[in-house]
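A.B. asks: I'd like to go over a predicted model; first the sequence, then the structure.
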Amino acid sequence: MNVHFIAIGGSAMHNLALALHRKSYTVSGSDDEIFEPAKSRLKQQGLLPESIGWFPERIHAGLDAIILGMHAKADNPELLKAKELGLKIYSYPEYLYEQAKDKTRVVIGGSHGKTSITAMILHVLNHVGIETDYMVGAQLEGFDVMVKLSENARYMVFEGDEYLTSALDLRPKFHVYQPHIALISGIAWDHINVFPTFDRYVEQFRIFARMVPYGGSLIYCAEDQNVKEVSDSVGNGVIKLPYTRPDYYISEGITYIKADGKNIPLSIFGHHNMLNLEGARLVCEAMGVDKSSFYDAISSFSGASKRLELVAKSETCTVYKDFAHSPSKLEATINAVKEQFPERKLVACMELHTFSSLNTSFLEQYRLTMDQADIPVIFYSRHALELKRLPFFSTDDVGKAFGRDDIQVFNESEALSQFIKSIKWENANLLMMSSGNFDGIDLKLLSDLILKQRAE
């Protein structure tokens, strides 16, 4: 097969390109910008475009498929050339489905927890020796790629994003995969630029749940009322498997889950991760993994990249980074760290970076989400607002929206760094949460500085 990627540099796109290259496909691609780590990974496999930009001459009749990334616009010159030649054009999700249409498809959906649950499932399946293809939205320990495609695997596990498929296909991505086994972890309004009302957002999950075929399985978090209502709307021919938080306790900074008469130590923590674990267990059982094998495997699961990821620690100070950016993720992550270290002061810093979080009409959704933080901190940059073509707002607007008079708000990264360095880091934890990078702050360097300060 000869395939060409329009916007090959994306996080998901370049991983699919690598996966197809491993299947001995002939892969080419273009993009107008390619950043690390995609740049180095593509270069290592000989897939990095020789020059940056769009080149219609790279599109020819000998191509079996065009794969279109979300970054590419409808007027992309390579896309227009492909249409002119009548080539087969697939979005990223459509091509994944094409690769998995003869497999049992497992799709993990929800406003939060998708990556963690998918990572748990893949960790367990790898541990017990069940071969599976997969697509996950983060780098996982023990897995060198985020997309795996093969001829022999019976299953394919998808992290099912509800965002739009491509510039030509306005369906949510998880509608494309057509699950045999589906999970919904939670529903909390997000992506207001494409789902301007909460009801419209919830409707996408109703459609997803109703895609499960007769005899298929719908696994859902029964602690979330919105999820429960969506699941109740599904017909009787589907096997419904609700889950709630399993019993667990914390001792000397380690979380233990109570299961099968045993106390199993975990490397992960937090109420939300215990829910994620239970959802992953039910999915694995639907795929043939017994309880005992699941718990044996999950004890060594250390998490996915940027999901409560440990950056640095000392005896009395720990620094974590997390991808949390929506209100529900923010609250769950803060609560998890506070629950795990109740005796330590928690400095929780969150960057407003997504379109939703930088929209003043959405900011009110964050009210009270940082209540468990001892020192709540918010950062946003003028540059991010300019890129998303949103109006600038004041630091006072942020404080009012979050409902805390003591919140610290910054819109310059240097000022944020200086504030963090000024804190007394004795018996205190730092939690940095963003889908961005705090305008280039080197978190590892910052962590080393505050730990060194504490030691002195």
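C.D. replies: Structure received.
A.B. asks: sec struct for the most centrally placed residue in the chain, please.
C.D. replies: The chain has Thr115 as the residue nearest its centroid, 4.7 Å off, counting by C-alpha atoms, centre = their mean. Here Thr115 is helix, with the state taken from DSSP: H, G, I helix; E, B strand; the rest coil.
A.B. asks: Leu140 versus that one, what's the distance?
C.D. replies: 9 Å (C-beta to C-beta, to the nearest Å). Heads up, the C-betas are built off the backbone N, CA and C, glycines and all.
A.B. asks: Likewise for Arg171?
C.D. replies: Note on Arg171: its distance to Leu140, by C-beta to C-beta, is 27 Å.
A.B. asks: Ok, Ala286 next?
C.D. replies: From Ala286 across to Leu140, the span is 21 Å (C-beta to C-beta).
A.B. asks: Likewise for Thr354?
C.D. replies: Thr354 sits 23 Å away from Leu140, going by C-beta to C-beta.
A.B. asks: what does Val227 give?
C.D. replies: To Leu140, Val227 is 25 Å away according to C-beta to C-beta.
A.B. asks: For the closest residue to Phe355 other than its chain neighbours, list the residues it contacts.
C.D. replies: Nearest residue to Phe355 in three dimensions, chain neighbours excluded: Asn193, at 4.7 Å (C-beta to C-beta, 6 or more residues apart in numbering). Contact analysis of Asn193 by C-beta atoms under 8 Å, 6 or more residues apart in numbering lists Phe355, Ser356, Asn359.
A.B. asks: low-confidence ranges in this protein?
C.D. replies: Along the chain, the parts satisfying pLDDT under 70 run over 454-456.
A.B. asks: just to revisit the earlier point, who touches both of Thr115 and Leu140?
C.D. replies: Counting by C-beta under 8 Å, 6+ apart, the contacts common to Thr115 and Leu140 are Ala304.
A.B. asks: Report the buried residues of stretch 299-309.
C.D. replies: Using 16 or more other C-beta atoms under 10 Å as the test for burial, stretch 299-309 gives Ser299, Phe301, Gly303, Ala304, Ser305, Lys306, Arg307, Leu308, Glu309.
A.B. asks: Gln44: which of those is nearest?
C.D. replies: Ser305 (19.0 Å; C-beta to C-beta).
A.B. asks: can you list the domain ranges for this protein.
C.D. replies: Domain ranges of the chain: 2-87, 95-298, 309-455, per automatic domain parsing.
A.B. asks: start to end distance for the longest one?
C.D. replies: With C-alpha to C-alpha, to the nearest Å applied, domain 95-298 spans 31 Å between its terminal residues.
A.B. asks: From the chain's centroid, how far away is it?
C.D. replies: With C-alpha atoms, centre = their mean, to the nearest Å as the basis, domain 95-298 stands 12 Å off its chain's centre.
A.B. asks: Just send the buried residues of stretch 299-309 back as JSON lines, with secondary structure and distance to Asn152 too.
C.D. replies: Shown next, in JSON lines, are the buried residues of stretch 299-309 (DSSP: H, G, I helix; E, B strand; the rest coil; distance: C-beta to C-beta, whole Å):
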{"residue": "Ser299", "secondary structure": "coil", "distance to Asn152": "29"}
{"residue": "Phe301", "secondary structure": "coil", "distance to Asn152": "25"}
{"residue": "Gly303", "secondary structure": "coil", "distance to Asn152": "29"}
{"residue": "Ala304", "secondary structure": "strand", "distance to Asn152": "25"}
{"residue": "Ser305", "secondary structure": "coil", "distance to Asn152": "27"}
{"residue": "Lys306", "secondary structure": "coil", "distance to Asn152": "31"}
{"residue": "Arg307", "secondary structure": "coil", "distance to Asn152": "30"}
{"residue": "Leu308", "secondary structure": "coil", "distance to Asn152": "34"}
{"residue": "Glu309", "secondary structure": "strand", "distance to Asn152": "32"}
